[in-house]
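**Student:** Here is a sequence with its predicted model. Questions after.
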Protein chains: 4
Amino acid sequence: MRILFIGDIVGKPGRRAIRELLPNIICTHDIDFIIANCENAASGFGITREIVDELYRSSIDVLTSGNHIWDKKEIRDFVEDYEYLLRPANYPEGTPGWGRVLFTTQAGINVGILNLAGRVFMQPIDCPFRTAEKELAAFAGKANIIVVDMHAEATSEKKALGWYLDGRVSAVLGTHTHVQTADEEILPGGTAYISDAGMTGPFDSVIGVKKDVVIEKFLYQIPNRFDVAKGDVRLQGVMFDVNEKDGKCSRIQRLSVRLDS
Amino acid sequence: MRILFIGDIVGKPGRRAIRELLPNIICTHDIDFIIANCENAASGFGITREIVDELYRSSIDVLTSGNHIWDKKEIRDFVEDYEYLLRPANYPEGTPGWGRVLFTTQAGINVGILNLAGRVFMQPIDCPFRTAEKELAAFAGKANIIVVDMHAEATSEKKALGWYLDGRVSAVLGTHTHVQTADEEILPGGTAYISDAGMTGPFDSVIGVKKDVVIEKFLYQIPNRFDVAKGDVRLQGVMFDVNEKDGKCSRIQRLSVRLDS
Amino acid sequence: MRILFIGDIVGKPGRRAIRELLPNIICTHDIDFIIANCENAASGFGITREIVDELYRSSIDVLTSGNHIWDKKEIRDFVEDYEYLLRPANYPEGTPGWGRVLFTTQAGINVGILNLAGRVFMQPIDCPFRTAEKELAAFAGKANIIVVDMHAEATSEKKALGWYLDGRVSAVLGTHTHVQTADEEILPGGTAYISDAGMTGPFDSVIGVKKDVVIEKFLYQIPNRFDVAKGDVRLQGVMFDVNEKDGKCSRIQRLSVRLDS
Amino acid sequence: MRILFIGDIVGKPGRRAIRELLPNIICTHDIDFIIANCENAASGFGITREIVDELYRSSIDVLTSGNHIWDKKEIRDFVEDYEYLLRPANYPEGTPGWGRVLFTTQAGINVGILNLAGRVFMQPIDCPFRTAEKELAAFAGKANIIVVDMHAEATSEKKALGWYLDGRVSAVLGTHTHVQTADEEILPGGTAYISDAGMTGPFDSVIGVKKDVVIEKFLYQIPNRFDVAKGDVRLQGVMFDVNEKDGKCSRIQRLSVRLDS
Ligand SMILES: [Fe+2]
Ligand SMILES: [Fe+2]
Ligand SMILES: [Fe+2]
Ligand SMILES: [Fe+2]
Ligand SMILES: [Fe+2]
Ligand SMILES: [Fe+2]
Ligand SMILES: [Fe+2]
Ligand SMILES: [Fe+2]
């Protein structure tokens, strides 16, 4: 089974990349299942009900997210209306939404998806390692295939989680930095790993945002309006092949496709 | 002219990778000039006089560094003894050492090397953007080729600096996260860019450190002794081709070479 | 000469405290000159032109500020219209506004006011120590009395600055934490010091903000609307006596006055 | 019942203050029970077995601590040998030591002591609010009097916890910043509160450390050896009166006593 995992979708350009590039990618690479991180899908900050609907119509099966999922206030009202929309599981008990879901493909295969967030240089939510432990237990006996979106800043925290879960999940895939890393590999236990899957959005930018505004922010340290950039739109992510019997991965491959302008 | 830039050398395994892999890389790829980041070369923390000497003997021309350069106290005594050993230029005036150097190759070509460090999630030193401005002025008329090591954590700060210097330097190359990124490219103005050149050291690790110790740190948040790991040693970096007349780059390529164990 | 320094004015309750309590304080304590930190005066975030005018009408002579001064976008347009409205001087060159001003009292006495901000757990702006050095040089020969508002989070950074400037300025007074400290003292060189002057605003709150909202923020780590609280309004600050000849302080006293509800 | 809570004891000067000042304080103020924060008691960093013994001999009943408790490696071996030595309770499960203890005074009164640590600008350990909830449940029916040491940096987090526990514990007393605050009060529910109890150690210093070294650290941002200062030794803390029947407080008073040199 081949799974495609798509890095943070940023704003309108990111959604356009999904709409225009995804059908061909699915076809060319024979993709069976698609997960995408949507935390920046609504003009760079959060997500709306309309955009969730739009992304599902684009053949994405499950949406994961991260710290930015809360940026549009309305998320709290609708996050639980969508079974396949996740926020990091290690937000504390009582937080709206779910961090884990079991998806059954048309072929009848169960895939467990778990969303986690890091804490280094981020919010002090619950321990992602211990939460993983607990959530894996909840998947036990229900899914051989488990895919983890580890939404985190620090490379150390992501890689540590990869090693921690090696052999127990099918993949640990980082998001949040918006820069695809070149360290994709199959860990010894059969877990596909990459520190960051990259970004789906405008690359004539600083991680999706208009360059000038970000440079000005660094120069003056004054709050600034961060608008999504426009040019050089790409879709990035990773594809990996999972054995449906044991959930082990045999291959992981980075993907970066440019939209013709 | 082809320049090789080597990502953070970590401990004894990293130095062994340099010793055993570098001669062949130089030969195969026809390398003219070598820069390497040495902030973790002495058992993961800082550098010693002996190790500086050892690295120079391995054909490295210029050593850059970052926040960890100060970890061994003795650095303050010897950092100014080595013209081609840099610490980030944006440490405040009065800090021992230099952040910029002009190197003249055997072929008589001048190469300016500038070391900077980021401030997001790091020490609040001087502004890297303004320091770059000032240091470039100092290179004016002396070197067409300028290579910048931007030692930083946040992808936004690195990429913003890349755009800021595009067309004014030959390359902006990130270090510090120890994870090579897949975003190497030639920016429109002719500047070679990568967010992180990667690590030269043991990869059976969390960014060079023994896995178990790092996982325990994340689990209990208690200080821990971070020892350099051993297995799966690799040399990572980027090579790029610079036009000696105008300092523009035409090509950048990632490098990751494994040491046979 | 007796100077009153008022801690961060928070929202409408803070301004009401100024309006209703200040006249009596001036009279009772024979105050000659008044400085107040206004970074939270407009509904907790930043300041508007109208509020600057209102505060000046309340007998405040000079307004200092801090990181929140930028919260209302319009500040950039009007900050330079007010000679006696300061933002921290160690924002980088090119930032709108000024960080230092010379005020001549009706009695003809020159008072230099310098606003600085810390960098520990805050924005990485310029070094407050070096900026102080530079700004003091600008006051040289113009004012014997110099008052410094050090807007900072970490007690270590504030106290270090106090010692650094001891004997060279009349007072180093902390702001930003909204909690008055009990460490007011005259340092050996004659400089009045306190780590935090406190808050002028509603104390039935968490540092001025409605309690429930802040507790919820800590419980769930999700962004929240921070509204200014209402009850238990107080005016806080410090008074200190300066010798007009040499700028030395002989006495510093904390002030905390409650508004009858 | 009158309880004395002593702020962070720093190094040899802090221990000397305890030894020489405490007997008289106990006598003068008729103290029934003593808690002290010991995280910096061993040369500024952590604690040793010998120092724990020494502090108990000085009439301290219970020792609390904070993030620095782990600085001397040996703590892990002996922390569980002392029933009345606490580390913050919200370190994750599996961490050596305990965060809560029930003490029965000679008069037969049960006092529950709970140690917590903040997470803002600190390690991302477990939620202090939820841990408090859990630990209070463990005290239920066993102690009317409960004293909380909230070891934290941010005033907002400390005050929010104070409000959160108001009426449910006898006192919430902050530590960690080493600067005594002037906001001691009895909250409406009968809980004694102060944001920081202060420091017991040398005040001719920056929060206990030699001034020059700290200033140099701020100036150059390079790691430095932080030695405990010597002069102007004081003992700081708060005293509060608790009703033994219902655990409510009627009075809280700051204490700052200077050692004659
Ligand atoms: Fe994102
Ligand atoms: Fe994110
Ligand atoms: Fe490094
Ligand atoms: Fe580094
Ligand atoms: Fe404020
Ligand atoms: Fe502030
Ligand atoms: Fe402490
Ligand atoms: Fe502490």
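**Tutor:** Thanks, I have the structure now. Numbering: from 1, shown residues only, chains lettered A, B, ... in the order given. Ligands and ions are numbered 1, 2, ... in the order given.

**Student:** residues in the stretch 101-250 of chain A within reach of chain D, list them.
**Tutor:** For the stretch 101-250 of chain A, the contact set with chain D under CB under 8 Å from any CB of the partner chain comprises A:Arg119, A:Val120, A:Pro124, A:Ile125, A:Asp126, A:Cys127, A:Arg130. In this view, the C-beta of every residue, glycine as well, is placed from N, C-alpha and C.

**Student:** now for these, which pair is the farthest apart?
**Tutor:** Farthest-apart pair in those is A:Val120 and A:Arg130; separation 15.5 Å (CB to CB).

**Student:** returning to what we had before: nearest to ligand 8 among the residues of the stretch 101-250 of chain A next to chain D?
**Tutor:** Using CB to the ion, A:Pro124 is the member of these that lies nearest ligand 8, at 16.1 Å.

**Student:** Which residues does whichever strand or helix holds A:Ile252 contact?
**Tutor:** Secondary structure assignment for A:Ile252, by DSSP states H and E: strand A:249-258. Contact with strand A:249-258 is made by A:4, A:17, A:21, A:25, A:29, A:170-171, A:180, A:182, A:184-186, A:190-194, A:198, A:232-243, B:182, as judged by CB atoms under 8 Å, 6 or more residues apart in numbering or on different chains.

**Student:** out of everything not next to it in sequence, what's closest to A:Ile31?
**Tutor:** Once flanking residues are discounted, A:Ile31 sits nearest to A:Leu4: 4.6 Å by CB to CB, 6 or more residues apart in numbering or on different chains.

**Student:** Isn't that neighbour up against A:Phe33?
**Tutor:** Yes. Judged on CB atoms under 8 Å, A:Leu4 makes contact with A:Phe33 at a distance of 7.3 Å.

**Student:** Same question for stretch A:108-118: list its buried residues.
**Tutor:** Within stretch A:108-118, the residues scored as buried using 16 or more other CB atoms under 10 Å in any protein chain shown are A:Ile109, A:Val111, A:Gly112, A:Ile113, A:Leu114, A:Asn115, A:Leu116, A:Ala117, A:Gly118.

**Student:** would a markdown table of those with secondary structure, distance to ligand 7 and pLDDT be doable?
**Tutor:** As requested, the buried residues of stretch A:108-118 are exported to a markdown table (DSSP: H, G, I helix; E, B strand; the rest coil; distance: CB to the ion, whole Å; pLDDT from 0 to 100):
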| residue | secondary structure | distance to ligand 7 | pLDDT |
| --- | --- | --- | --- |
| A:Ile109 | coil | 54 | 97 |
| A:Val111 | strand | 48 | 98 |
| A:Gly112 | strand | 44 | 98 |
| A:Ile113 | strand | 43 | 98 |
| A:Leu114 | strand | 38 | 98 |
| A:Asn115 | strand | 37 | 98 |
| A:Leu116 | strand | 32 | 98 |
| A:Ala117 | strand | 30 | 98 |
| A:Gly118 | coil | 27 | 98 |
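
**Student:** Kindly indicate which of those lies nearest D:Val228.
**Tutor:** A:Gly118 (35.2 Å).

**Student:** Spit out the contact partners of the closest residue to the closest one other than its chain neighbours.
**Tutor:** Of all residues not flanking A:Gly118 in the chain, A:Ala152 sits nearest, at 2.5 Å (CB to CB, 6+ apart). Going by CB under 8 Å, 6+ apart, A:Ala152 touches A:Leu116, A:Ala117, A:Gly118, A:Arg119, A:Val120, A:Met122, A:Pro128, A:Lys158, A:Leu161, A:Gly174, A:His176.

**Student:** Buried ones from those, can you make that a ChimeraX selection?
**Tutor:** Filtering those down to the buried ones (16+ other CB under 10 Å) takes a single ChimeraX command:
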select /A:116,117,118,119,120,122,128,158,161,174,176
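
**Student:** Against ligand 2, which of the contacts of A:Ala152 make the cut? List them.
**Tutor:** A:His176 (CB under 5 Å from the ion).

**Student:** Measure how buried the closest residue to ligand 5 within the stretch 151-261 of chain A is and give me the count.
**Tutor:** Of the stretch 151-261 of chain A, the residue with the smallest distance to ligand 5, taken as CB to the ion, is A:Pro223 at 14.9 Å. For A:Pro223, the neighbour count with other CB atoms under 10 Å in any protein chain shown is 14.

**Student:** tally of neighbours for the residue nearest to it when sequence neighbours are not counted?
**Tutor:** Leaving aside its chain neighbours, A:Pro223 sits nearest to C:Trp70 (5.3 Å; criterion: CB to CB, 6+ apart). Using other CB under 10 Å, C:Trp70 is surrounded by 26 other residues.

**Student:** OK, contacts around C:Trp70?
**Tutor:** So C:Trp70 contacts A:Ile222, A:Pro223, C:Gly46, C:Arg76, C:Arg87 (CB under 8 Å, 6+ apart).

**Student:** per-residue confidence at the last one?
**Tutor:** Confidence at C:Arg87, expressed as pLDDT, is 98.

**Student:** Could you do the fourth one as well?
**Tutor:** Confidence at C:Arg76, expressed as pLDDT, is 96.

**Student:** That one falls within a strand, correct?
**Tutor:** No. Checked against DSSP: H, G, I helix; E, B strand; the rest coil, C:Arg76 lies outside a strand; its state is helix.

**Student:** Tell me where the stretch 101-250 of chain A has helices.
**Tutor:** A:128-139, A:155-165, A:211-220 (DSSP state H, counting those that start in this stretch).

**Student:** now, of those helices, which is deepest in the fold?
**Tutor:** helix A:155-165 (a mean of 26; mean count of other CB atoms under 10 Å in any protein chain shown).

**Student:** follow-up on the earlier one: so which of the helices of the stretch 101-250 of chain A gets nearest D:Val62?
**Tutor:** helix A:128-139 (29.0 Å).

**Student:** hmm, the closest one touching chain B?
**Tutor:** Yes. Using CB under 8 Å from any CB, we find that helix A:128-139 touches chain B at A:Phe129, A:Arg130.

**Student:** From the chain's centroid, how far away is that helix?
**Tutor:** Offset of helix A:128-139 from its chain centre (CA atoms, centre = their mean, to the nearest Å): 18 Å.

**Student:** What is the neighbour count of A:Leu21?
**Tutor:** Using other CB under 10 Å: A:Leu21 sits among 20 other residues.

**Student:** again with A:Leu255
**Tutor:** Neighbours of A:Leu255 (other CB under 10 Å): 21.

**Student:** now do A:Phe33
**Tutor:** 23.

**Student:** Which residue, other than its chain neighbours, is closest to the closest residue to ligand 1 within the stretch 101-250 of chain A?
**Tutor:** Scanning the stretch 101-250 of chain A for the residue nearest ligand 1 gives A:His176, at 5.3 Å (criterion: CB to the ion). Distances taken as CB to CB, 6+ apart place A:His151 nearest to A:His176, at 4.7 Å, with adjacent residues excluded.

**Student:** which residue is nearest the middle of chain A?
**Tutor:** A:Asn37 (3.2 Å; CA atoms, centre = their mean).

**Student:** So A:Tyr82 sits against A:Val52, correct?
**Tutor:** Yes. The pair A:Tyr82 and A:Val52 qualifies as a contact (CB under 8 Å) at a distance of 5.7 Å.

**Student:** Between those two, tell me which one has more neighbours.
**Tutor:** When neighbours are counted by other CB under 10 Å, A:Tyr82 and A:Val52 differ, and A:Val52 comes out ahead with 22 against 18.

**Student:** ok, A:Ile145 to ligand 2 distance?
**Tutor:** 25 Å (CB to the ion, to the nearest Å).

**Student:** who's that residue bridged to?
**Tutor:** A:Val111 (DSSP bridges).

**Student:** That one and B:Asn67, how far apart?
**Tutor:** 40 Å (CB to CB, to the nearest Å).

**Student:** returning to what we had before: which one of the residues of the stretch 101-250 of chain A next to chain D sits closest to D:Val10?
**Tutor:** A:Pro124 (26.6 Å).
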